[in-house]
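Asks: pasting the sequence and the predicted coordinates here, then a few questions.
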Amino acid sequence: MRCFAPRSRSGRPKDPAKHDAIVAAAVHLFSQHPFDAVTMEAVATQARVSKMTVYSHFSDKESLFETIVSSISDRMVAAFSREGREGQSLRDRLQATGVAFLSILLRPDVMGLSQMLPTALRGRQALTMRFYDAGPGRVKAALAGLIADAAAQGEVAIDDPSLAAEDLFSLWEGGLRAENGCGLIGPITDDMIAQRVRRGTGVFLRAYAPEKPSLT
């Protein structure tokens, strides 16, 4: 009798369509329910795949949520790229960036995820840092880098790019998310975003305008 050594399995390649269906299902559930109330079984049901399929793509619920956070921040970070905006004024670059950023941040599903996070992460320091680094931390660093580049070109005068990025985020968003969450305003429209970004960018550029050289 011949003996055969067991062959190592590399595993089947992951199905991109199922991966996308799982992520979409998770986004829907996480934006509607508390983090602890969402189970991998519920994600499988929503995605119309088996629980085994979900676990073949994501080792646990935290990894699945981290993937969602990273994918959202990927789109936000892409908004800060200078590609295709060469030759534009800083005002135009910031306004285009702000509109792209807020259009993602103020989507109903993204706002639902943001509202759920503080409760879900309370008392979980390691998990909090993991999600912060995957999402908000990356986005803030990208905008700070854009501002630092503008400062190096003499377009703005700043003392701390990171703090300046926080200022600009606040000026862009204003109270839109809070007002919408409280039902004080209806759906956030493209015109509302564009108007808020124009105003916030103008205030930011006045606040951080470089000093004009003295004529004396």
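Replies: Received, thanks. Residues are numbered from 1 along each chain as shown.
Asks: contact partners for K18?
Replies: 47, 49, 53, 57 (Cβ atoms under 8 Å, 6 or more residues apart in numbering). In short, each C-beta sits where N, CA and C put it, glycine included.
Asks: highest neighbour count among these?
Replies: Using other Cβ atoms under 10 Å as the neighbour criterion, A47 leads the contacts of K18 with 22 neighbours.
Asks: now render the contacts of K18 as a markdown table, adding pLDDT, distance to A152 and secondary structure.
Replies: A markdown table is the format used below for the contacts of K18 (pLDDT from 0 to 100; distance: Cβ to Cβ, whole Å; DSSP: H, G, I helix; E, B strand; the rest coil):
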| residue | pLDDT | distance to A152 | secondary structure |
| --- | --- | --- | --- |
| A47 | 93 | 46 | helix |
| V49 | 94 | 49 | coil |
| T53 | 93 | 49 | helix |
| H57 | 92 | 42 | helix |
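Asks: for these, which one is nearest C182?
Replies: Ranked by distance to C182 (Cβ to Cβ), these are led by A47 at 31.9 Å.
Asks: with adjacent residues omitted, what lies nearest to A148?
Replies: P161 (4.1 Å; Cβ to Cβ, 6 or more residues apart in numbering).
Asks: in contact with the residue nearest the centre of the chain, which residues?
Replies: For the chain, the residue sitting closest to the mean C-alpha position, by Cα atoms, centre = their mean, is S73 at 3.1 Å. By Cβ under 8 Å, 6+ apart, the residues touching S73 are 134-136, 138-139.
Asks: sort those residues by pLDDT and name the bottom one.
Replies: Least confident by pLDDT among those: that is A134, with 73.
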